[in-house]
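**Q** Mind looking at a prediction? Sequence and model below.
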Amino acid sequence: MIAFHIGDVVEEAGATSVTFAQTELEALRAAMARRPDIIVSDVSLLTGTGPDAVTSIRLCVGRVPAIFITGNPEALDRYDHDGMLGKPFESDQLKQQVERLAVGC
């Protein structure tokens, strides 16, 4: 449910398509099939982590802006990211971050 809400917010911010992935491998496969303009990810995935998925995606397709949503901000200390929202987050905050990053796309 939260993932679908995030997808709706990202579309409100101007995204023309949204792809969902529950694991690192799914995220990488999706990015290889269609290079994302922006990645919005939780830190924890069913298998692996969002930051590790973003790192793998960037190695394969180049630099992609990434926003992480997490209840554990310390988990991002060693990762490069373009935005972070703590849980619970406000939809307007996510929309603003996506719009800010979309300017460069």
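**A** Nice, I can see it. Fair warning: this is a prediction, and the values are worked out from it, not measured in the lab.

**Q** The residue lying closest to residue 52 once chain neighbours are set aside: how many residues sit nearby?
**A** Residue nearest to residue 52 in three dimensions, not counting chain neighbours: residue 24, with 5.7 Å by C-beta to C-beta, 6 or more residues apart in numbering. (Each C-beta comes from the backbone N, C-alpha and C, glycine too.) As a burial measure, residue 24 scores 22 neighbours (other C-beta atoms under 10 Å).

**Q** List phi and psi for residue 24.
**A** For residue 24, the backbone dihedrals (degrees, to the nearest 10) come out as phi -60, psi -50.

**Q** List the residues that contact it.
**A** Residues near residue 24 by C-beta atoms under 8 Å, 6 or more residues apart in numbering: 45, 47, 48, 49, 52, 53, 56.

**Q** Just the pLDDT for residue 105.
**A** You'll see residue 105 listed with a pLDDT of 53.

**Q** are any of the contacts of residue 24 buried, and which?
**A** Among these, those buried by neighbour count (16 or more other C-beta atoms under 10 Å) are 45, 48, 49, 53, 56.

**Q** What about these, which are in helices?
**A** Cross-referencing the buried ones among the contacts of residue 24 against helices under DSSP state H gives 53, 56.

**Q** Pick out whichever of the buried ones among the contacts of residue 24 sits closest to residue 8.
**A** Residue 8 has its nearest neighbour among these in residue 45, at 20.2 Å by C-beta to C-beta.

**Q** Now do the contacts for that closest one.
**A** Residues near residue 45 by C-beta under 8 Å, 6+ apart: 21, 22, 23, 24, 27, 53.

**Q** now, the most widely separated pair of these?
**A** Largest separation among these by C-beta to C-beta: 22 and 53, giving 10.5 Å.

**Q** So in terms of bridging, what pairs with the residue most central in space within the chain?
**A** For the chain, residue 40 is the residue whose C-alpha lies nearest the centre (C-alpha atoms, centre = their mean; 1.6 Å). Beta-bridge pairing for residue 40 (DSSP bridges): residue 67.
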